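Chemist: task: produce atomic coordinates for the following.
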Amino acid sequence: MDPQHAFETPFDNPLVPRFPMQMRNTEILTAFYRTDIEASRRLVPPPLEVVSDVVLIHVYHMNDSDYFGNYYESAVQIPVRLAGTDIAGAYSPYLYLGSDGAVATGREIYGQPKKGGQPWLGVRDDLFVGTVTRNGIDVITLTMAYKQTRAQPEEMTAYGDFRTNINLKVMPNVDGSDAIRQLTARTFAELHVYECWRGPVTVELRPNAQAPVYRLPVREMLDGFYWRSDFVLPFGRVIHDYLAK
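Modeler: Next up is the predicted model:
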């Protein structure tokens, strides 16, 4: 194997695939709530600016993903903009998921702060339930009534457009010096939504030192959405380089 042509390791069965990747029949439970805006600001690196006191949490069931198959994922996001530009999106301070390849891909390509966990999304009688477990503790629990009010996907953007995901990518050299220190952005491609439902939502956060989502406390519950979609994960772009001369 020529290392000049390797994209990832191990050479013969790489953990991280080349993009683009298609995600089919993905189920998503999305909850919006208000927090203390200063709590959000403590988790967002400059020159990003927090644009509101809203937090959104997604719990995903990736039913059919290129390379990774069937797994669950979660993301906590804060609406932001890059100071002095028209670049806006959602910054991710926390992501937990149950696929080692997806953890590595998010960290190594986008710089997402992904860690292992056990998200789950399903239906219990007449209720959508999304949970995120780490260390045996349910650190996130979302609930929403089952398919009561049809909605348009665009209704979700009233609280901020999260289709562009912004991350802090930090990778050191082997000697500890900086190799990469960037803000990156990635926007879903070829998004197709099959169905979208809206309803009252509940959000419960439990403290855990290894999954500290409690640092964004719930002050007011806003809206919940269940939606099912296909989309493509493309390569992203660098929007700010902290090491640039």
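Chemist: now do the end-to-end distance for stretch 236-244.
Modeler: Distance across stretch 236-244, first residue to last, is 18 Å (Cα to Cα, to the nearest Å).
Chemist: for stretch 99-113, same thing?
Modeler: Separation of the first and last residues of stretch 99-113 by Cα to Cα is 14 Å.
Chemist: now do stretch 238-245
Modeler: Taking Cα to Cα as the measure, stretch 238-245 stretches 15 Å from start to finish.
Chemist: try stretch 153-160
Modeler: Between the start and the finish of stretch 153-160 there is a gap of 12 Å, counting by Cα to Cα.
Chemist: also stretch 59-74?
Modeler: The stretch stretch 59-74 measures 4 Å between its terminal residues, going by Cα to Cα.
Chemist: list the buried ones in that stretch?
Modeler: Using 16 or more other Cβ atoms under 10 Å as the test for burial, stretch 59-74 gives 59, 60, 61, 62, 65, 68, 71, 72, 73, 74. Where C-beta positions appear, they are placed from N, C-alpha and C, glycine not excepted.
Chemist: bridging residues for the residue nearest the centre of the chain?
Modeler: In the chain, the C-alpha closest to the average C-alpha coordinate belongs to residue 75, at a distance of 3.4 Å (Cα atoms, centre = their mean). In this structure, residue 75 bridges to residue 58, residue 95 when assessed by DSSP bridges.
Chemist: which residues touch it?
Modeler: 57, 58, 60, 92, 94, 95, 165 (Cβ atoms under 8 Å, 6 or more residues apart in numbering).
Chemist: just put those in a markdown table and tack on pLDDT and distance to residue 101.
Modeler: Putting the contacts of residue 75 into a markdown table (pLDDT from 0 to 100; distance: Cβ to Cβ, whole Å) gives the following:
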| residue | pLDDT | distance to residue 101 |
| --- | --- | --- |
| 57 | 98 | 23 |
| 58 | 98 | 19 |
| 60 | 98 | 15 |
| 92 | 95 | 18 |
| 94 | 98 | 19 |
| 95 | 98 | 14 |
| 165 | 95 | 18 |
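Chemist: looking at those residues, which is nearest residue 135?
Modeler: When the contacts of residue 75 are ranked by distance to residue 135 (Cβ to Cβ), residue 94 comes first, at 14.2 Å.
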